[in-house]
Structure formats: structure tokens, C-alpha cells
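Asks: Below are the sequence and a predicted model for it; my questions follow.
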Amino acid sequence: MKLRDLEIRLERLDGFSRPSAKLEQYATPATLAARLLYDACMRGDIEGKRVLDPGTGTGILAIGASLLGAADVVAVEIDPDAVSIAEQNRDDTDADVRYIVSDVQRPGLSGELGRFDTAVMNPPFGAQNVHADRPFLDLALATADVTYGIFNAGSRGFIEGYIRDRGTVTDAIGGKCSIRRTFAFHRKERLEIDVEILRIVRIS
Ligand code: SAH
């Protein structure tokens, strides 16, 4: 599938109906999601692989991974309403994704999930709760050999410090995330956020 075809298919997915600010529910724009997934695919980290999407929201990354030929995709999300939308999105695209409604921090979750080749994620950036991305990194590093994550631009150093003995950042791709006015405290119609996609390889 071409990058543009993936973008078009992901653009059709529904987003959050009533997004929660506390959970930092921002759906990844299709162009950014497609870029992350396509890059991961080119590096051999998607096709035929077991893929985990922690904090899947309405499912864009998990569904995209399935469309690009992942063998098995599991997605974890704390909000059951988001999972209902994600299930509908999956069914509308003929993707194959298994959803688990859970907090990523639930003890025992990583053992239940088993091993993955790749994690793809757009975790909360920590705008509402400081370090909100950490439990996502913990789960990804506990279960997957390679992780692709979307983070606030400039986070690389902090993330490298946090994952120090557990993973190495091998690549960083800059990007922009344009989000529509989602919450009352957003003053502008659109917000342009500089982000970076980091590829992290677990230290085994
Ligand atoms: N990955 C999606 C959603 C990004 S928004 C996308 O790329 O579009 C972050 C998501 O993490 C939200 O859906 C939010 O509900 C979820 N989330 C926040 N805290 C969580 C937690 N502790 N456990 C599981 N999911 C969580």
C-alpha cells in the first residue's frame, strides 16, 4: 500500500466523540499516523509482526498497522467509549485488531499481553499530568523489542534519561501535529504542535 493510500484510509476513521482532557484524548492526524507506520513498515517492523498499541484511543495506529500487514495487533485503552469507536473503525476498514480495556499501569498487564515485536503509540504528552507518558514507555519496553512513539518535540533527552538501561533511541523524525480545537481551554481553532517520532530499541 502506498503512503497516500494509507493516509486516505486512516483519514476516514472516526475520532473521539466526547474527548477527555484529563486523559489527553487527541486523535493522531492521519498524515502523522501514516508517516509513523510507513516508516516502521519500511524498517521491517510491521509486516508479519506482533504489534501493540498502548492507549489506542479511537484506534488509528493499531488499525493502520493491521492494514500494513501486521500478523497480530493488540490495542490497550482505558476508556471503554473510545474502544467502542475503535471497534467500529476496525470493522469499517476490515482491519484485525484485538482490544483490551485496561489502564496501561494495571499490575500484571504486561505478563498477560506477552511479547511483541513492535509497539506503536501516541501517549499523553503529560500536559495534564506530568510524566503521563512514562507508564506507556514502561509497558512498551516491558513487552516489545522496538517502539515507535510520538512525543513533544524536544522530549528526546528526557526520554533517553528515563529509559536509560532499558532502551536506546535509534532514530528521531521531526513532524508537526495539527489538531483541531478540542477543549474549551484551547484558544485557537487549530493548534500546531511540533512533535518527534522516536524509534526505541530495547536493550535485552
Ligand atoms: N493513540 C491514539 C490516541 C492518542 S490520545 C491516537 O494515536 O489517536 C492518548 C490515549 O491514551 C487516549 O485515548 C487516552 O484515553 C489513553 N489513555 C490515557 N491514560 C491511559 C492509561 N492510564 N491507560 C490506558 N490508556 C490511557
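Replies: Done, it's in.

Asks: buried sites along the helix or strand bottoming out on mean pLDDT in the chain?
Replies: Least confident helix or strand of the chain, by mean pLDDT, DSSP states H and E, is strand 167-180 with a mean of 86. Using 16 or more other Cβ atoms under 10 Å as the burial criterion, the residues of strand 167-180 that qualify are 167, 169, 175, 177, 179. For glycine as for every other residue, the C-beta is placed from the backbone atoms N, C-alpha and C.

Asks: which residues does the residue minimising distance to the centre of the chain form a beta bridge with?
Replies: For the chain, the residue nearest the mean C-alpha position is residue 121 (1.9 Å; Cα atoms, centre = their mean). Note on residue 121: beta-bridge partners by DSSP bridges are residue 149.

Asks: What distance do you get for it to the ligand?
Replies: 6 Å (Cβ to the nearest ligand atom, to the nearest Å).

Asks: Using TSV, please lay out the buried residues of strand 167-180 together with distance to residue 142.
Replies: Formatted as TSV, those follow (distance: Cβ to Cβ, whole Å):
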residue	distance to residue 142
167	11
169	17
175	26
177	26
179	29
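
Asks: Among those, which pair sits farthest apart?
Replies: Pairwise distances across these peak at 27.4 Å for 167 and 179 (criterion: Cβ to Cβ).
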